[in-house]
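1. Show me the folded form of this:
(chains A and B)
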Amino acid sequence: GAGVSQSPSNKVTEKGKDVELRCDPISGHTALYWYRQSLGQGLEFLIYFQGNSAPDKSGLPSDRFSAERTGGSVSTLTIQRTQQEDSAVYLCASSTGPGLEQYFGPGTRLTVT
Amino acid sequence: SQQGEEDPQALSIQEGENATMNCSYKTSINNLQWYRQNSGRGLVHLILIRSNEREKHSGRLRVTLDTSKKSSSLLITASRAADTASYFCATLAQGAQKLVFGQGTRLTINP
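-> Numbers count the residues shown, from 1 in each chain, chains lettered A, B, ... in the order given. Model (predicted):
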């Protein structure tokens, strides 16, 4: 079956614009994660969805960041009023349950000019 | 603070040699996982080892876990150029639901 997909693969936007990043997890995976990775750095946790539970938003860096997961499947990460420090690769992952093996998408490289 | 920290930050060896990377963590864990990342994009899961396990093998990969020292090691035997990548450990703390990733070890295999 298909793996985790993300779109777009690359996004260049001007400072102050809003962007939406999309993640299609593996069908049937109940857990979905968003991470951010700056060049040469580790993964920074952003948000976690598990089934119908309230999402864990503890990693979102500011109120400009939000995410939703519709129908327990596709997720959208929205960044409002983008800043240059938002430039990074945004990675999505899904798993069959919390704390288990995560399957990652190829990421979206966001560049804010 | 970072739960998992890899050591060394960078490692360069000749093809055919063995590569060993270490991961240390601070709190009690449920499991520890190793991932590989090529070219700064998506990570690939390599091995999951549970807290009650001491060693696991997968092909040329061997992972050990020492919960008394709160550390794990990843050994890649007979390295190949294709093993060039960044390797991350990730820990699931007891009672937690999400993994915490370390900063990674950048491994370079020289032909």
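2. Quick check: which helices or strands does the helix or strand of chain B with the lowest mean pLDDT pack against?
-> Least confident helix or strand, chain B: strand B:5-7 with a mean of 86, by mean pLDDT, DSSP states H and E. Applying 3 or more CB pairs under 8 Å, 6 or more residues apart in numbering or on different chains; DSSP states H and E, we find strand B:5-7 packed against strand B:19-24, strand B:85-93. Quick note: C-beta positions are derived from backbone N, CA and C, even for glycine.
3. Direction included, what does the longest one pair against?
-> When you say that, I think you mean strand B:85-93. Strand B:85-93 pairs in its sheet with strand B:29-37 (antiparallel), strand B:100-101 (antiparallel), strand B:105-110 (antiparallel), by DSSP bridges.
4. Can you lay out those strands as TSV showing mean neighbour count and mean pLDDT?
-> TSV is the format used below for the strands paired with strand B:85-93 (neighbours: other CB atoms under 10 Å in any protein chain shown; pLDDT from 0 to 100):
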stretch	mean neighbour count	mean pLDDT
strand B:29-37	22	96
strand B:100-101	22	92
strand B:105-110	18	96
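5. any chance of the ones you listed in CSV, plus distance to residue B:59?
-> Shown next, in CSV, are those (distance: least, CB to CB, whole Å):
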stretch, distance to residue B:59
strand B:29-37, 12
strand B:100-101, 23
strand B:105-110, 16
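6. Show me which residues of the least confident helix or strand of chain B are buried.
-> Within strand B:5-7, the residues that count as buried by 16 or more other CB atoms under 10 Å in any protein chain shown are B:5, B:6.
7. if we can go back for a sec, tell me which of the helices and strands packed on strand B:5-7 sits nearest to residue A:36.
-> strand B:85-93 (14.4 Å; CB to CB).
8. What residues sit buried inside that closest one?
-> Across strand B:85-93, burial judged by 16+ other CB under 10 Å covers B:85, B:86, B:87, B:88, B:89, B:90, B:91, B:92, B:93.
9. give me the beta-bridge partners of the second one?
-> When bridges are taken as DSSP bridges, the partners of residue B:86 come out as residue B:37, residue B:106.
10. Am I right that it is in contact with residue B:37?
-> Yes - using CB atoms under 8 Å, residue B:86 makes contact with residue B:37 at a distance of 4.6 Å.
11. which residues do those two both contact?
-> Listed as contacting both residue B:86 and residue B:37 by CB atoms under 8 Å, 6 or more residues apart in numbering or on different chains are residue B:104.
12. Pull up the gap between residue B:56 and residue B:67, please.
-> Per CB to CB, to the nearest Å, residue B:56 is found 14 Å from residue B:67.
13. Whichever helix or strand comes after the least confident helix or strand of chain B packs against which elements?
-> Toward the C-terminus, strand B:5-7 is succeeded by strand B:10-14 as the next helix or strand (DSSP states H and E). Other helices and strands packing on strand B:10-14, by 3+ CB pairs under 8 Å, 6+ apart, are strand B:19-24, strand B:105-110.
14. As PDB, could you dump the C-alpha coordinates of the first one?
-> Output for strand B:19-24, consisting of C-alpha atoms alone and laid out as PDB, is shown next (Å, rounded to 0.1, in the frame of the first residue of the first chain):
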ATOM      1  CA  ALA B  19      30.100   1.700  12.700                       C
ATOM      2  CA  THR B  20      28.900   2.100  16.200                       C
ATOM      3  CA  MET B  21      26.700   4.900  17.400                       C
ATOM      4  CA  ASN B  22      25.500   5.500  20.900                       C
ATOM      5  CA  CYS B  23      22.400   7.000  22.500                       C
ATOM      6  CA  SER B  24      21.900   8.100  26.100                       C
END
